[in-house]
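[1] For reference, the sequence and a predicted model appear below.
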Protein chains: 4
Amino acid sequence: MCRWMAWFGQPVLIDELLFKTQHGIVDQSLHARMGAEPTNGDGFGLGWYGSGEGPAVYHSVSPAWADPNLRELAGHIESPLFLAHVRAAIGSPVQQTNCHPFRSGRWLFVHNGYIAPFAGIRRALAMAIDPDRFPDVHGSTDTELVFQLALTHGLEEDPVAALERVVGLIEATAARDGATGEVQATFGVSDGESLWAVRYATKERARSLFASSDVDAIRQLYPDNARLSRLQPGDRLIVSEPFADLPGVWQEIPESSAVAVRPGGVLEHRPFRPQAPPPRAEVRQYAGARDA
Amino acid sequence: MCRWMAWFGQPVLIDELLFKTQHGIVDQSLHARMGAEPTNGDGFGLGWYGSGEGPAVYHSVSPAWADPNLRELAGHIESPLFLAHVRAAIGSPVQQTNCHPFRSGRWLFVHNGYIAPFAGIRRALAMAIDPDRFPDVHGSTDTELVFQLALTHGLEEDPVAALERVVGLIEATAARDGATGEVQATFGVSDGESLWAVRYATKERARSLFASSDVDAIRQLYPDNARLSRLQPGDRLIVSEPFADLPGVWQEIPESSAVAVRPGGVLEHRPFRPQAPPPRAEVRQYAGARDA
Amino acid sequence: MCRWMAWFGQPVLIDELLFKTQHGIVDQSLHARMGAEPTNGDGFGLGWYGSGEGPAVYHSVSPAWADPNLRELAGHIESPLFLAHVRAAIGSPVQQTNCHPFRSGRWLFVHNGYIAPFAGIRRALAMAIDPDRFPDVHGSTDTELVFQLALTHGLEEDPVAALERVVGLIEATAARDGATGEVQATFGVSDGESLWAVRYATKERARSLFASSDVDAIRQLYPDNARLSRLQPGDRLIVSEPFADLPGVWQEIPESSAVAVRPGGVLEHRPFRPQAPPPRAEVRQYAGARDA
Amino acid sequence: MCRWMAWFGQPVLIDELLFKTQHGIVDQSLHARMGAEPTNGDGFGLGWYGSGEGPAVYHSVSPAWADPNLRELAGHIESPLFLAHVRAAIGSPVQQTNCHPFRSGRWLFVHNGYIAPFAGIRRALAMAIDPDRFPDVHGSTDTELVFQLALTHGLEEDPVAALERVVGLIEATAARDGATGEVQATFGVSDGESLWAVRYATKERARSLFASSDVDAIRQLYPDNARLSRLQPGDRLIVSEPFADLPGVWQEIPESSAVAVRPGGVLEHRPFRPQAPPPRAEVRQYAGARDA
């Protein structure tokens, strides 16, 4: 099932949010509450912006609750923007190349959910990736293909629009038995300056997704909470499930919608409407021109 | 670079050949002599026929010299036919899904060498796999694609002919800059009843490959060698490099040739001649009909 | 918390019991029902008697539910006597040397529970091991020390009596603050010919432990159950928690008791009564004579 | 055999020294030149001072040449003082708790070499550790015991003097067959403010150890070398083997000697003279008082 979180704001030691929370993502690797399974022990990943060129990623096949390296990194790395993900694998192996976040250039990408029927439409999706990007696929997850498709469809210019096109493409793709693609998703995306999140499902309820409230509102609700008083205006968390039972601190992100967190922490909402793919000829621009 | 070996003959405890040899494949993971690098420490794999349904595979990202589980399995599993492979990765990650042998049904497949330029022709090769087999690709190696292409081209009926077709296909595939595919290979294949090996390179010398001599010949050469006297007629080893310095025990398999080991241990030799791919229309039978 | 199981009887493919059961030990790695935590994802181990010399052990730091190698081994290894264990670590790292079963010669040993206060009495227990056995300690678990202490105290002659002496020793050992040792345990032991299990706790209820009923009784209860009809007289399972909801198939092993499964499958019951350690002079036979 | 390196000086991205050198420690994991084996592929470790509380450690069982996480961390972590170690295991398992650097509080410790006969004197050494520190032993290496013994003998006040006492203790410890302890060592130690290194062997030549020359001297020798011109006065490297063939850049540290690198980069030399242990009564202060 997976769970993820993203921090956007003042530089913090990563373990402030990974380990020093009531029910943070590491606790959610063992005791998630808002999904079918409490356990997300099929590896994890951390992507962060800070020192060095572009974002760093750390992936491990160990369950997050057990990895001493994760504690070490979290306790000694400061970052103003990072994403963490704990995985519950559905069908694809537990290996580092199947851990999120996925990265391309300065972009990071996480996903909670699935694409179905994946075995039936996997080849079609792989072929719809820009052929020049095909060698960048290292794993076997549906998420990695979604990311590469989004890069193919302009993620670097407008991530939410690109994902609308990709979801539309998936929903228009059929397996051999006629079953059309279904998307169950929350997505998290960042370029190191902004942070986007999407919540959408083709059918049924989408996976849970929350944004933290404005810092002013949080402080007014909890003026005596020492931890919360350390928040600064512009600080924002996006999470699969809330880190603590504190009414008013978390706002559910509506289904079929997206948010963008801009520098300064402003939270913009917009609808998320999948775009049907262009006519077949245009699709062939990616999938046909260089067919063997 | 990789090294591999295959045993065909009487049931033996696997460690007889993996660990109780002068320079067996586990020693070759650290001290290979016949290649560019002495180290093949990027994971290993073992595939064996014996109890249970079809062949079993054990894959590990640990170097073979260091894995206690390998010693355990080798010391407690008896098999009349097994393949082992130690990996030196060229470009693709060290993960269990990139370890050899690869398996499909009752078939096992190993490879020493490479396909180039892999990044440039990977997509074309992936698309040439029978679309129904595409979901069976779990890793990111050139070897796995060769195997799936061979299955697509009739490996289950005639492995050597299928590989001739696949090598021909690769050599006829061009990357965007015009560079045509190059194959450097020894291949090992088995269905649990027979064992095949191929030695071929598009250019330059092919990787080394040896078959053990007939048991009668070995016994005549070394009548007092206790270990060798345990061999039975029909026992056969195929190896990347010999396990011991015993003149006459090993026969080099010529370049551009293949061998088949049949029940009873008879060793058949044949040439290996890549087959140019059929006209484009026929290729489309696999790559075109179901394009998205 | 951990869960374990042992099979004693006709040779079976290991996966019959690991994977083809309603709620076998692999399912218990993710959904255990009879303990504080449902998750036992801190590595696992398998020890089996069959081909080769003595028992084999396979240990992995991967959660049992996720390890493809476990499925492979289980599906291709037949054994008349094997133990499997899934681990929930309390305090010591997840590493292969901390997985159960532990092995010495032909003996295998598993444990569910803990020794407390372990940090406080660990050194005293380590020093009480026969000095010649000290180099055989490779990990950092309480279980491994219990096993080595039992070997020191005659496990190879009478496992249950040896464990009575060891539990008595632990309960008589005090940490610096005066807190005395506490044992929470089910133990499983085998030499490849017999199988023993112990259920005991210094205080509170002991961890759960069940033995399968006599095969005759099972067949009378479930004459139409195809799986159960394959059981042969003498077949016996010992488990932390039952594999299926089939009333009458499982008998709870009482607290402070032990069972022995003899060739032919006869189940012998006896009380388990910790033995206070011998006078200090005798203990020095192990801990004093060779002090540095 | 192992290789290690330590950087002391201006904050640098770790990969400047791990990956962007001609023959740095990652290259030495596969192509070491100054020891018996070229391969040090039995895990590695990195310890660094920077953000957060005390030093961080990252340990992996993967060979250093193959670990993508190491590249990531090195490329995105800046530190003014870090130690890295690649391991060739002699007898103890490859596991994270057996990787160097070892850490206690703000102290880091690495070792190239061995203690012999380790199995024969391991128990005596373990018992000579301050009993309150015994629970801090998590692995099974000789190095970890040396570190804990050094902490027991005042490492935190004077690391070199403590190591002189520990080496003296080891050389005065006998196995049951009378064989006395032998030390083969280079040691690296830091508290985040200073850096110490020791080179010593009981018999034979000690493992290689080099310090970089004063920055002024390096600049005079290589005024046109862009990389070397980035060095600042006070920058210092201590290495098992030099990173590049640049005469004059490296000074061999003599056998039976130690160096200290102080803030500002001053390199102090002193002899290293093992101290025989105090009379037995004093040793008992650690090993006897609390015997079980």
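    That came through, no problem.

[2] Contact partners for residue A:166?
    Applying CB atoms under 8 Å, 6 or more residues apart in numbering or on different chains to residue A:166 gives the contacts A:146, A:149, A:150, A:153. (C-beta placed from N, C-alpha, C; glycine too.)

[3] what about it, helix or strand, and which?
    Residue A:166 is located in helix A:159-171, with elements delineated by DSSP states H and E.

[4] what's the burial count for residue A:131?
    Neighbour count of residue A:131, defined by other CB atoms under 10 Å in any protein chain shown: 18.

[5] In the stretch 101-250 of chain A, what residue lies closest to chain C?
    residue A:140 (12.9 Å; CB to the nearest CB).

[6] Am I right that that residue is in contact with residue B:137?
    Yes. The pair residue A:140 / residue B:137 is scored as a contact, 7.4 Å apart, by CB atoms under 8 Å.

[7] Quick check: residues of the stretch 1-150 of chain A near chain C?
    Residues of the stretch 1-150 of chain A lying near chain C by CB under 8 Å from any CB of the partner chain: A:30, A:37-39, A:41-42, A:61-63, A:66, A:68, A:89, A:93-94.

[8] Buried only: go through these for me.
    Listed as buried from these are A:30, A:38-39, A:41-42, A:61-63, A:66, A:68, A:89, A:93-94; burial here means 16 or more other CB atoms under 10 Å in any protein chain shown.

[9] farthest-separated two in those?
    Spanning the widest gap among these are A:68 and A:93, at 23.2 Å by CB to CB.

[10] Surely residue A:169 and residue A:150 touch.
    No. In this structure, residue A:169 is not within contact of residue A:150 by CB under 8 Å, at 10.0 Å.

[11] that older thread, also near chain D: which of the residues of the stretch 1-150 of chain A next to chain C, exactly?
    residue A:68.

[12] Which of the residues of the stretch 1-150 of chain A next to chain C fall in helices?
    Cross-referencing these against helices under DSSP state H gives A:30, A:68.

[13] so which of the residues of the stretch 1-150 of chain A next to chain C comes closest to chain D?
    Looking across the residues of the stretch 1-150 of chain A next to chain C and measuring by CB to the nearest CB, the closest to chain D is residue A:68, at 6.7 Å.

[14] Could I get the contacting residues of residue A:129?
    Contacts of residue A:129 (CB under 8 Å, 6+ apart): A:137, A:145, A:148, A:149, A:152, A:286.

[15] So which of the residues you listed reach chain B?
    Among these, the ones lying near chain B by CB under 8 Å from any CB are residue A:137.

[16] hey, where'd the strands end up in chain A?
    Using DSSP state E, the strands of chain A run over A:3-13, A:44-49, A:56-60, A:78-86, A:102-104, A:107-116, A:182-190, A:195-201, A:210-212, A:236-239, A:250-252, A:257-261, A:267-271.

[17] Deepest in the core, which of these is it.
    With neighbours defined as mean count of other CB atoms under 10 Å in any protein chain shown, the strands of chain A peak in mean count at strand A:44-49, which reaches a mean of 26.

[18] any residue of that one up close to chain B?
    No. Strand A:44-49 does not reach chain B (CB under 8 Å from any CB); its nearest approach is 14.3 Å.

[19] Save the strands of chain A as CSV, and put in mean pLDDT too.
    Formatted as CSV, these follow (pLDDT from 0 to 100):
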stretch, mean pLDDT
strand A:3-13, 97
strand A:44-49, 98
strand A:56-60, 98
strand A:78-86, 97
strand A:102-104, 98
strand A:107-116, 97
strand A:182-190, 98
strand A:195-201, 98
strand A:210-212, 96
strand A:236-239, 96
strand A:250-252, 96
strand A:257-261, 98
strand A:267-271, 96
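
[20] wait, which of these is closest to chain D?
    Closest to chain D of the strands of chain A is strand A:56-60 (CB to the nearest CB; 3.6 Å).
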